[in-house]
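*Asks:* Compute the structure for the input listed below.
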Amino acid sequence: MPLPESEIVTLPPARGAFAPASEIPVRWRPSTRARRVSMRICPREGAVVVTLPPRSGRRAGLALIREHEAWVLDRLAALTPMIEFAPGAAFLLGGEPHVIRHEPRARGGAFLDGQHLVVAGAREFLRRRATDFLRAEAKRRITVLAAPHAGMLGVKPRTIRVKDTRSRWGSCAPDGTLAFSWRLVMAPEWVTDYVVAHEIAHLRELNHSARFWALVAQLTPHRDAAVEWLRLEGPALLRVG
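*Replies:* As a prediction, the model looks like this:
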């Protein structure tokens, strides 16, 4: 039987227990590179992602979930509610609270008006227009932050891209292409600045050696605080949109 891409797994209570059965959303991820069965919580999907190496199937994944059932349920329950881009939805921009205001007759697609993101046009286009605006704003802000860091190190990114990544806030390819999650636009600027500085430093040291971390320290003083902020608040950013 083919392995489904995702499903709701129902785990009956342990023998003798009176608790109800647990329903857990699971996404199966076969991988030819994995050496063992592993799992992680995906905040964006609100699901458990189980990685299965060759010759390991659904049964092995279910056994791992069952073994760590309490941890899985606690982590899923701790996820913040999804915030869909809709009229009146509140979200962060640069670490500051903003609210979506729908003005069907306005012009310009989407634009900022104080602490509001004004979205024009029909309601069915609101989500896409809000997302497109924030992606463009993320690239603009990241590009501005990258310029002085690149100048300090005497490097130049080949290009800067924004994506909707689920497991990385930023990355640096061997060819000098930098990629960032557009969701960083919601974080405080000093957090985004750290991620940008981290990837700019990779243009000189494509590793995590002592030399690399020395470059990061030269570019930004926010490393520890930014890493902690992303650890605590980052999963909530993946629940927006």
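*Asks:* tell me which residues in the longest helix along the chain are buried?
*Replies:* Counting residues, the longest helix found in the chain (DSSP state H) is helix 126-153. Buried positions in helix 126-153, judged by neighbour count with 16 or more other Cβ atoms under 10 Å: 126-127, 129-131, 133-135, 137-139, 141-142, 145-146, 149-150, 153. Heads up, the C-betas are built off the backbone N, CA and C, glycines and all.
*Asks:* And the contacts of the helix or strand of the chain with the lowest mean pLDDT?
*Replies:* None of the helices or strands of the chain scores lower by mean pLDDT, DSSP states H and E than strand 6-11, at a mean of 86. Residues from elsewhere that reach strand 6-11 (Cβ atoms under 8 Å, 6 or more residues apart in numbering): 21-28, 47, 62, 65-66, 69.
*Asks:* in this structure, which spans are strands?
*Replies:* Along the chain, the segments classed as strands by DSSP state E run 6-11, 22-30, 38-42, 47-52, 90-93, 96-103, 110-113, 116-120, 159-163, 170-172, 177-181.
*Asks:* ok, back up a step: buried ones in the least confident helix or strand of the chain, by neighbour count?
*Replies:* Those would be V9, for strand 6-11 by 16+ other Cβ under 10 Å.
*Asks:* Dump the C-alpha coordinates for it into CSV.
*Replies:* The C-alpha coordinates for strand 6-11 follow below in CSV (Å, rounded to 0.1, in the frame of the first residue of the first chain):
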residue,chain,number,x,y,z
SER,A,6,-0.1,13.1,5.1
GLU,A,7,-2.8,11.7,7.3
ILE,A,8,-4.5,12.0,10.7
VAL,A,9,-3.1,9.2,12.8
THR,A,10,-5.3,7.9,15.6
LEU,A,11,-3.4,6.4,18.5
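*Asks:* okay, the angle between it and strand 22-30?
*Replies:* With axes from the mean of the first three to the mean of the last three Cα atoms, to 10 degrees applied, the angle from strand 6-11 to strand 22-30 works out at 130 degrees.
*Asks:* Buried among the contacts of strand 6-11? Make that a ChimeraX selection.
*Replies:* Here is the ChimeraX command that selects the buried residues among these (16+ other Cβ under 10 Å):
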select :22,24,26,27,28,47,62,65
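*Asks:* which stretches of the protein aren't confidently modelled?
*Replies:* 1, 13-19 (pLDDT under 70).
*Asks:* How about exporting stretch 29-47 as CSV, limited to the C-alpha atoms?
*Replies:* Presented in CSV, the C-alpha positions along stretch 29-47 are these (Å, rounded to 0.1, in the frame of the first residue of the first chain):
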residue,chain,number,x,y,z
ARG,A,29,8.8,12.3,4.5
PRO,A,30,10.7,9.4,2.8
SER,A,31,14.4,10.3,2.4
THR,A,32,17.2,8.4,0.7
ARG,A,33,19.7,10.3,2.7
ALA,A,34,18.3,9.7,6.2
ARG,A,35,19.9,7.0,8.3
ARG,A,36,17.3,6.7,11.0
VAL,A,37,13.6,7.4,11.6
SER,A,38,13.2,10.9,13.1
MET,A,39,10.5,13.4,13.6
ARG,A,40,9.9,17.1,14.2
ILE,A,41,7.0,19.5,14.7
CYS,A,42,6.3,21.7,11.8
PRO,A,43,4.6,24.9,13.2
ARG,A,44,3.5,26.0,9.8
GLU,A,45,1.5,22.8,9.2
GLY,A,46,0.6,22.1,12.8
ALA,A,47,1.8,18.6,12.2
